[in-house]
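**Q** Got a sequence here, can you build the structure:
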Amino acid sequence: MTVAVGLVLAAAPGVGHAAPTEPLELANPLATAQSCEYCHSYGNPPDDFEDPLYAPYFSWRGSMMANAAVDPVFWAGVAIASQDAVDPTETEACIRCHAPRAFLEGRGDAIAQDELLLEDLAGVECEVCHRMVQDVELGDGQYTLDDVVVDGIVPRRGPWTYDGDIPAPPHAVLADEYIGTSEACGTCHDVSTARERVDDEGVGLGVPFNEQRTYSEWAGSAFATPGDDFRSCQDCHMAPVADMAACQDHLMLGHTHPEGGRRHDLVGANRFVLELLADDAVFPDTTLFANSLEVLDAFVQTAATLEVDPPPSVDLGLGLSDLTVTVTNETGHKLPTGYSEGRVMWLEVVASHDGEVLWTSGTWDPDAQSIQDDAQLRAYQGVAEQYATGATLHLLTNDHWLEDTRIPPRGLAPSLETDPVGDRYTLQGDGTWPHFDETTYAFAGRPALAEVDEGTLEVSVRLLYLINTREYIEVLANDNVTNEAGNDVAMRFDTAGGATPLVLAEQTLEIPIEPAAVGTTGTSDGADSTGGPGSTTGDANTSGPMTTAGSSGAADVGETGGETGTGGPTQDDDGGDGCSCRTGAPQAAWWMVVLLGVARRRRR
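**A** So this is what the prediction gives:
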């Protein structure tokens, strides 16, 4: 194909209608994603051949954004929401964001996938973002799309201009920085419902229920502050690519843009649904789903860092105490964030000697699809309910947060919209929420092992994240009296063997076994093997203890990979470039782990 010179505009024209764009208002319908495929699908150049494909269409096609309208869990949730809605239009916001074409063409009242047209199933497609213009309304899918034709087409908005030796695309292009801002993402990643939020006494707070506040969490954090620490949503979820070609012909001619481009994976952590879709996709392409899964697996390792501070030694007869674990949120929003129904992150601790498991907390049972419910379980989740009835896992009836123990991002300022709920976190001296959580485990003694006086206790700690609990899937199936969407997703869930938790960070270490006179003390008052007096943790349904203010970890968001560290939060050489944190650590001698822990505490 010969590259024609298109019209490049320098300033945004009027959008041609009032904001936000409403159904049947566009005079120029969205071009299909397939119309973009020919030019924007190409292989990586030789220098990047081993990397996951990053051509815009390729990297987008296997993403949750491209598949937002065919997500079976989404449709099961919409069916429940339609039953709970007071006004039938309440589910329209779901379609606005998951199937924009359907909404714009008048099918926003759909509550099932089979009510959409085939072209609707492309989800959040190219022109939704590349025709979006800046508007004053954020959240709830209140997007405004350009509808003014230039040179026979509505210009595609993007970050680039074309001059010098780089030929322009064969269609009108408009350089618009808005597409690269977090505000563009905030269009759909702040969501309110029609219910008034109430406090712990059931008294109305005068604001709509804040179902999710991912954008607001970012906006209130250190990452939104201009300067060296600034990170936009795109900086992490659309990793930069140096010297990227705009299209297939540009690549063949050796033309790459000096400003570089971005991957279009729009990567997140929903591996479970991507795996389901890879097996049964409306637009099947196993290579592109595999591409997205490869990027996702690397990406989730940057979400948190884990630091484990053990006692210098342990007497098995007296028990294991003073095992302190610190989880540091390296993202620009709460960890986890977004839609909270059925989602939980937690710590799993397993202590073994000579191949025998002695103590555990939060272990995952893949057969039962359940988390060990012990007294020391440390979970991070947002649990909402309908205050009057106590009903949970029903999005549109929620009006009260029972708890929100998700870890805040660094520098998050207090706000009713984004504050944690419960007493786990307390404001730091600078008036911001801590972006870490520290908890200490204490396990009761094993008298039968009191004579063991040599060897080591192996301790494994993992930070796990589950995006669809069995309880949530069962609610979607059992409470649905509208259609078969809930039964369908439950069947897929069971066929897949349930969801597998993602490992966000892990660390393994060995603690020397020594008599109590030399080593540590523990508990020996009969507490069971999964907990004991002295534990500072709470169970999964409470907010738990207060985090010690000032006990900070790494300073920045981590999103694009990094090297293996020595266990715990670290910073880059420049003081904390948030897009290359470390997760986990190799096994280390106990004295090395202790010294590192002391050094970190001194730095705090």
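**Q** For the closest residue to Leu205 other than its chain neighbours, which three-state class applies?
**A** Sequence neighbours aside, Arg197 is the residue nearest to Leu205 in space, at 4.8 Å (criterion: C-beta to C-beta, 6 or more residues apart in numbering). Heads up, the C-betas are built off the backbone N, CA and C, glycines and all. Counting by DSSP: H, G, I helix; E, B strand; the rest coil, the backbone at Arg197 sits in strand.
**Q** before we move on, what about the one 10 residues further on?
**A** Here Val207 is strand, with the state taken from three-state DSSP.
**Q** got a list of what the closest residue to it other than its chain neighbours touches?
**A** Of all residues not flanking Val207 in the chain, Arg197 sits nearest, at 5.4 Å (C-beta to C-beta, 6+ apart). By C-beta atoms under 8 Å, 6 or more residues apart in numbering, the contact list for Arg197 reads 204-205, 207-210, 399-401.
**Q** again, only using 6 Å
**A** 205, 207, 209, 399 (C-beta atoms under 6 Å, 6 or more residues apart in numbering).
**Q** how many neighbours does the closest residue to the last one other than its chain neighbours have?
**A** Closest residue to Asp399 in three dimensions, ignoring its sequence neighbours and counting by C-beta to C-beta, 6+ apart: Arg195, at 4.2 Å. By other C-beta atoms under 10 Å, the residues close to Arg195 number 22.
**Q** how close does Arg195 sit to Trp218?
**A** 24 Å (C-beta to C-beta, to the nearest Å).
**Q** ok, now Arg470?
**A** 31 Å.
**Q** buried ones in stretch 48-65?
**A** 52-65 (16 or more other C-beta atoms under 10 Å).
**Q** any residues touching that stretch, and which ones?
**A** In contact with stretch 48-65 (C-beta under 6 Å, 6+ apart) are residues 36-37, 40-42, 44, 66, 123-124, 241, 263-266, 268, 270, 288-289, 291-292, 294-295.
**Q** which of the residues you listed count as buried?
**A** 36-37, 40-42, 44, 66, 123-124, 241, 263-266, 268, 270, 288-289, 291-292, 295.
**Q** Residue ranges of each domain in this structure, please.
**A** As recorded under automatic domain parsing, the domains making up the chain are 8-301, 304-380+406-465+501-603.
**Q** Quick one, which of the ones you listed gets closest to Arg492.
**A** Across the domains of the chain, Arg492 has its closest neighbour in domain 8-301 (5.5 Å, C-beta to C-beta).
**Q** in the protein, what spans have low per-residue confidence?
**A** 1-14, 16-18, 136, 164, 281-284, 517-604 (pLDDT under 70).
**Q** could you show me where the helices are in the stretch 351-500 of the chain, in order?
**A** Using DSSP state H, counting those that start in this stretch, the helices found in the stretch 351-500 of the chain span residues 470-478, 485-495.
**Q** out of the domains of the chain, nearest to Val489?
**A** Of all those, domain 8-301 sits nearest to Val489, with 4.5 Å by C-beta to C-beta.
**Q** Quick check: Pro408 vs Cys39, distance?
**A** 42 Å.
**Q** Using CSV, lay out the buried residues of stretch 48-65 together with secondary structure and distance to Asp322.
**A** CSV is the format used below for these (DSSP: H, G, I helix; E, B strand; the rest coil; distance: C-beta to C-beta, whole Å):
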residue, secondary structure, distance to Asp322
Pro52, coil, 43
Leu53, coil, 48
Tyr54, coil, 47
Ala55, coil, 52
Pro56, helix, 51
Tyr57, helix, 53
Phe58, helix, 50
Ser59, helix, 46
Trp60, helix, 48
Arg61, helix, 50
Gly62, coil, 45
Ser63, coil, 44
Met64, coil, 41
Met65, coil, 45
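**Q** Among those, which one sits closest to Leu323?
**A** Distances from Leu323 to these, taken by C-beta to C-beta, are shortest for Met64, at 36.4 Å.
**Q** give me the number of residues near Glu201?
**A** 7.
**Q** Please read the previous query as pertaining to Glu119.
**A** 15.
**Q** Now do the SS call for the residue lying closest to Ala31 once chain neighbours are set aside.
**A** Nearest residue to Ala31, sequence neighbours excluded (C-beta to C-beta, 6+ apart): Glu127, at 5.4 Å. The assignment at Glu127 comes out as helix when based on three-state DSSP.
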